[in-house]
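[1] next comes the sequence, and after it the predicted model I'd like to discuss.
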Amino acid sequence: MSTVKARLAPVTGHRLFWPLVMLVVLLVANTVYRPSFLSVELKNGHLYGSLIDIVRLSAPLILVALGMSLVIATGGIDLSVGSVVAVSGAVACLWISEQPDQNSLGGVFTALAIAFGLALVLGVWNGVLVAVIGIQPIIATLILMVAGRGLAQLITSGQIITINSEPYKTIGVGHLLTLPFAIIIALVVAVIVAVLTRRTALGMIIESVGGNAEASRLAGIRSRRITLLVYVVSAACAAIAGFMMTANVSSADGNAAGLWVELDAILAVVIGGTSLAGGRFYLSGTIVGALIIQTLTTSVYAMNIDPQTALLFKAVVVIAVCLIQAPAFRARFRRKRTLAPPPPPAPTAEKQKEQVPA
Amino acid sequence: MTRTTLTRRSLGALLAAGLLAGGLTACGNSDTGDSAGGGDGKIVLGFSQVGAESGWRTANTTSIKEAAAEAGIELKFDDAQQKQENQIKAIRNFIQQKVDVIAFSPVVESGWDTVLKEAKDAKIPVILTDRAVDSADKSLYKTFIGSDFVKEGRLAGEWLVKEKQAATGPVNIVELQGTTGSAPANDRKKGFAEAIAANPNLKVVASQSGDFTRAGGKQVMEQFLKANPKIDVLFAHNDDMGLGALEAITAAGKVPGKDITIITIDAVKDGMQALADGKFNFIAECSPLLGPQLMELVKKVKAGEEVPVRVETEETTFTQEQAKAALPTRKY
């Protein structure tokens, strides 16, 4: 028994173990309810099925959550991502809607460039407020969260802008090698972020800023520049997510696009094992977190859970995920059950902020 | 950095946020004309609008302004920007200016008794438009004009019953509800359910909230299509969810309007276009164009005539042919 346990320890002890278990549990529950849930078929030359829907719809959330991970790693938070989603989507759709030929690639790329550029400006705005002026991140990004939504409505004049552009639509619903194009974009961005942060010192520097910005500065890291950078990256990710969300329905709704996505993104980051205190981040965990959230939403529809109880159902699952994923909770639960205190696992080390030796 | 500077900075940021938010929405303030009750015998109507949150609302405002001009009624228009305190302030202003009639679309249901009492004491009749208030004292306002959501749902259901009366087997219906708990969602669901009870073959097999948005409608419909092999009818509580669902249906390799009969409510422009294109089958209208009816009521109330306590907006329904005919002159 104990040897089995010991042998499994590297697996069960892995950060991603419990989030992945929850993901599998959700998928199994769906399969029990409807055995064909997992079936994927080839339709019109691309894959089709609930699983594919989950992957495709989670793409924008993965993007937003990736940016959010980096911001949270510096000890900050970015509440404005939902508004950036709305603004970038609105600008892109407005530009395309005013082209004589909405299907022209040039027009679509110009639209994407303008919207992306504006999102970068918004990211710099956040970054300057936090890093240069020194406003607390939750307040600084709250400004853009409120004002950005107004800006999006101003851009769309309070209407839903419908477009009819095949190239733009591809971003949201197109396929490449039978897979949804959106998830490929999200994965490419994820790989770029992972390589830049984990194959260079950048990731460690970000974490050290989150651990102790002042100590990092004294150690020779340009803390302000790093802080500014993560907000710009976050806004850039949100902009691409905005393109996906608006392309998914070929229309920009300044009111509804990206509404509450900041909260989903924060939740994805937390489920993935990143502490809100900063100093650490796990990109793979964030991606799994985003997949769990989308699976949960899709489950509600697939299992036809009554809308009145759906929110409660989601809340219960989220609480379960967060508790199971917390090493301290698991340790306490185990102790109660066996009455024999096992050697304390090392969760405390994980919870501590990374301090970079000066 | 000391604590005080931090707090001061946060405060400054909050103020800035407030200013920004205020500045962005402060675009449609009251069109104050010359002083009320001018000697030319024109009726003066003070109207306080909720805001400009949707295309529907904008069309509503335009309709009221145009109808007032046409009826020769002097309109004092105020945009409350979604805030009750603005609306109360506007109503007090109207009372001070001694307008002849006050009309408004309440931002929220409760908290109107005091200001409505002031209007009553000043002997200025009040008309509610589009949304109701929950005052116990019904004498505080003369009448309430607006859409009947239950009726909209019922009209949609009745059309379906007629359309499918020849059906011998079960007809599977999926429903896209509006925002959970909202009055239009509750009432439209209720009206539709009442109407389709007439034919036991008609059965709602799945019903989920799509939050009145296109993205929501699409996401829910994708799962409906996978979970239910045979869907005959889609009933969406508004056009936008129906439009989102269209894409899901097409992606599933089905033909909207033919393989699946689609019924929606609202009749906004994009919805009417889909109906004219044969992608939708039927729309029950929820009209914002209550201006002309409102002006009629204003005249009657001013003349001291009796008016019904509840007036329904004149609304119609559209089939594909009617949509084709109506589309060129559609205002919203």
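    Perfect, thanks for sending it.
[2] excluding chain neighbours, what is closest to residue B:163?
    Distance criterion Cβ to Cβ, 6 or more residues apart in numbering or on different chains; nearest residue to residue B:163, sequence neighbours excluded, is residue B:261 at 6.9 Å. (Glycine included, C-beta is placed from N, CA and C.)
[3] and the one you found, helix, strand or coil?
    When classified by DSSP: H, G, I helix; E, B strand; the rest coil, residue B:261 comes out as strand.
[4] contact partners of stretch A:273-284?
    Defining contact as Cβ atoms under 8 Å, 6 or more residues apart in numbering or on different chains, one finds that stretch A:273-284 is touched by A:15-16, A:19, A:66, A:69-70, A:72-77, A:190, A:193-194, A:197-198, A:203, A:206-208, A:210-211, A:266, A:269-270, A:272, A:285-286, A:325, A:350-351, A:353-354.
[5] check stretch B:219-229 too.
    So stretch B:219-229 is contacted by A:34, A:36-37, A:49-50, A:53, A:57, A:297-298, A:301-302, A:304, B:172, B:174, B:176, B:205-206, B:208-210, B:231, B:234, B:241, B:244-245, B:248-249, B:251-252, B:254 (Cβ under 8 Å, 6+ apart).
[6] just stretch B:290-302 next, same as before
    For stretch B:290-302, the surrounding residues in contact (Cβ under 8 Å, 6+ apart) are B:43, B:45, B:60, B:63-68, B:70-71, B:73, B:100-101, B:103, B:125, B:127, B:129-130, B:142-143, B:145-146, B:307, B:311, B:313-314.
[7] of these, list those near chain A.
    Among these, no residue sits close to chain A (Cβ under 8 Å from any Cβ of the partner chain).
[8] ok, back up a step: give the full set of residues in contact with the residue nearest to residue B:163.
    Contacts for residue B:261 (Cβ under 8 Å, 6+ apart) come out as B:160, B:163, B:232, B:233, B:234, B:281, B:282.
[9] in PyMOL, how would I select the buried members of those?
    To isolate the buried ones among these in PyMOL, judged by 16 or more other Cβ atoms under 10 Å in any protein chain shown, type:
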select buried, chain B and resi 160+163+232+233+234+281+282
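[10] can you tell me which of the contacts of residue B:261 end up in strands?
    B:233, B:234, B:282 (DSSP state E).
[11] chain A contacts on the stretch 101-250 of chain B?
    B:177, B:180-181, B:206-209, B:211, B:213-216, B:218-220, B:222-224, B:226-227, B:240, B:243-244, B:247.
[12] now the residues you listed: which count as buried?
    B:177, B:180, B:206-209, B:211, B:213-216, B:218-220, B:222-224, B:226-227, B:240, B:243-244, B:247.
[13] which residues sit in contact with residue A:185?
    Contacts for residue A:185 (Cβ under 8 Å, 6+ apart) come out as A:59, A:63, A:171, A:240, A:244.
[14] I'd say residue A:294 and residue A:61 touch.
    Yes. With contact defined as Cβ atoms under 8 Å, residue A:294 counts as touching residue A:61 (6.2 Å).
[15] which of those two has more neighbours?
    residue A:61 (27 against 23; other Cβ atoms under 10 Å in any protein chain shown).
[16] quick check, that one in contact with residue A:287.
    No. Applying Cβ under 8 Å as the test, residue A:61 and residue A:287 come out as separate, 9.6 Å apart.
[17] quick check: residue A:293 vs residue A:264, distance?
    Residue A:293 sits 5 Å away from residue A:264, taking Cβ to Cβ, to the nearest Å as the criterion.
[18] got any residues that touch both of those two?
    Taking Cβ under 8 Å, 6+ apart as the contact criterion, the common neighbours of residue A:293 and residue A:264 are residue A:61.
[19] near chain B, which residues of the stretch 251-358 of chain A are found?
    So far as Cβ under 8 Å from any Cβ goes, the stretch 251-358 of chain A lies against chain B at A:251, A:253, A:255-257, A:297-298, A:300-302, A:304, A:307-308, A:310-311.
[20] would you map the helices across the stretch 151-300 of chain A?
    For the stretch 151-300 of chain A, the helices defined by DSSP state H, counting those that start in this stretch cover A:166-173, A:181-198, A:202-211, A:213-218, A:223-249, A:261-271, A:283-302.
[21] er, the stretch 1-150 of chain A I mean
    A:2-12, A:17-33, A:50-73, A:81-97, A:105-127, A:137-155.
[22] dump the ones you listed to TSV, plus distance to residue B:78 and mean pLDDT.
    Formatted as TSV, the helices of the stretch 1-150 of chain A follow (distance: least, Cβ to Cβ, whole Å; pLDDT from 0 to 100):
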stretch	distance to residue B:78	mean pLDDT
helix A:2-12	64	72
helix A:17-33	50	91
helix A:50-73	38	95
helix A:81-97	28	96
helix A:105-127	33	96
helix A:137-155	20	93
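[23] need those in CSV (columns: distance to chain B).
    Formatted as CSV, the helices of the stretch 1-150 of chain A follow (distance: least, Cβ to the nearest Cβ, whole Å):
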stretch, distance to chain B
helix A:2-12, 32
helix A:17-33, 9
helix A:50-73, 5
helix A:81-97, 11
helix A:105-127, 11
helix A:137-155, 4
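[24] what's the closest of these to residue A:165?
    For the helices of the stretch 1-150 of chain A, distance to residue A:165 was read as Cβ to Cβ. The smallest value, 5.1 Å, belongs to helix A:81-97.
[25] quick one: contacts for residue 66?
    This is for chain A. Counting by Cβ under 8 Å, 6+ apart, residue A:66 makes contact with A:189, A:190, A:193, A:237, A:283, A:286, A:287.
[26] wrong one, chain B
    residue B:291.
[27] can you confirm it is in a strand?
    No. According to three-state DSSP, residue B:66 belongs to no strand; its state is helix.
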